[in-house]
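Trainee: Need coordinates for the following:
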Amino acid sequence: MSKIIAVTSGKGGTGKSTVCAGIGYALAKQGHRTLLIELDFGLRCLDIMFGMENSIKYDLGDVLSGKKKVLDAIADVPMASNLNLLCAPKTLTSVTAEQIVEICRSIKKYFEYIIIDTGAGINSHVFDIVEQSNLILVLSTPDPVCVRDASLMSDEFYNRGNKSQRLIINKISKKVIGDALVTNLDEIIDRVGVQLIGVIPDDFKMTVATGKGNPIPTDSAALRAFDAIAKRLGGDFVPLTVKTA
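Mentor: Next comes the predicted model:
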């Protein structure tokens, strides 16, 4: 039985797609059959991050229109043998939560993990899709606006009965911790009110790799953090690679 994980954030610019790519890449490298489903309609980017911009033949739009079956539209990611990708359409396309649920239901026997890269923002569309997931990963950066939006989203999930939530704090550097934005990361955890599952450092090596569509370097600090998160998703106890205080 596959585990459906939704990665979401209240505000754009938190690095949601990069986090989805990183977790998916790490899970695949650990031997787990993993599928990424991208829902940022009209703003897709995972194909670029994985160096597949010119090799995507079909996308989610072809599935929703009935032109292609789901498995025919799923692409293999060359840099990770266990990783697959279902790209968002390049143009805006209407979709319902029921359609995404049906897509996941029809293919879940083929994958151990299905990671849904939701669109950013607090709207009913995102809430309806995320509600169907086994686990919600709420993403925030140290930016106070991002923290507040993550808190609002999490509260709404709880109000809707979604108790399975974990927090990922992204784009961490020494410059933002201390006197800059927050005294320590515990402030963010307390404000959002969700148990922490991982902290991702601001890593230039990761930025270059995803921008050029290259494999993430093995000495990337961000990759170590993604690897730790992937193991925690499987139930392993792994210390944080980035300290929270």
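
Trainee: Give me the helices and strands touching the top helix by length along the chain, please.
Mentor: When the chain is parsed with DSSP state H, its longest helix is helix 144-159. Packing partners of helix 144-159 (3 or more Cβ pairs under 8 Å, 6 or more residues apart in numbering; DSSP states H and E): helix 124-130, strand 135-140, strand 165-172, helix 185-192. C-beta coordinates here come from the backbone N, C-alpha and C atoms, glycine included.

Trainee: try 10 Å
Mentor: Using 3 or more Cβ pairs under 10 Å, 6 or more residues apart in numbering; DSSP states H and E as the contact criterion, the neighbours of helix 144-159 among helices and strands are strand 3-8, helix 124-130, strand 135-140, strand 165-172, helix 185-192.

Trainee: Quick one: end-to-end length of stretch 193-206, please.
Mentor: For stretch 193-206, the separation between the terminal residues is 28 Å (Cα to Cα, to the nearest Å).

Trainee: Single out the most deeply packed of the helices and strands packed on helix 144-159.
Mentor: Relative to the other members of those, strand 135-140 carries the highest mean neighbour count by mean count of other Cβ atoms under 10 Å, namely a mean of 25.

Trainee: circling back to that earlier point, report the angle between the longest helix of the chain and strand 135-140.
Mentor: Relative orientation of helix 144-159 and strand 135-140, computed by axes from the mean of the first three to the mean of the last three Cα atoms, to 10 degrees: 160 degrees.

Trainee: For helix 144-159, what is the distance to the chain centroid?
Mentor: With Cα atoms, centre = their mean, to the nearest Å as the basis, the distance from the averaged C-alpha position of helix 144-159 to the chain average is 17 Å.

Trainee: Could you tell me the angle between that helix and strand 3-8?
Mentor: Computed by the same axes, to 10 degrees, the angle between helix 144-159 and strand 3-8 is 140 degrees.

Trainee: Tell me which of the helices and strands packed on helix 144-159 sits nearest to G31.
Mentor: Among these, the nearest to G31 by Cβ to Cβ is strand 3-8 (14.8 Å).

Trainee: what lines up beside the closest one in the sheet?
Mentor: Strands flanking strand 3-8 in the sheet, each with its direction: strand 113-117 (parallel), strand 135-140 (parallel) (DSSP bridges).

Trainee: Just want the angle from that strand to strand 165-172.
Mentor: An angle of 50 degrees separates the directions of strand 3-8 and strand 165-172 when computed by the same axes, to 10 degrees.

Trainee: coming back round to it: mind putting the helices and strands packed on helix 144-159 in JSON lines, mean pLDDT and distance to A80 included?
Mentor: Written out in JSON lines, the entries for those read as follows (pLDDT from 0 to 100; distance: least, Cβ to Cβ, whole Å):
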{"stretch": "strand 3-8", "mean pLDDT": "92", "distance to A80": "17"}
{"stretch": "helix 124-130", "mean pLDDT": "69", "distance to A80": "25"}
{"stretch": "strand 135-140", "mean pLDDT": "94", "distance to A80": "19"}
{"stretch": "strand 165-172", "mean pLDDT": "94", "distance to A80": "20"}
{"stretch": "helix 185-192", "mean pLDDT": "89", "distance to A80": "29"}
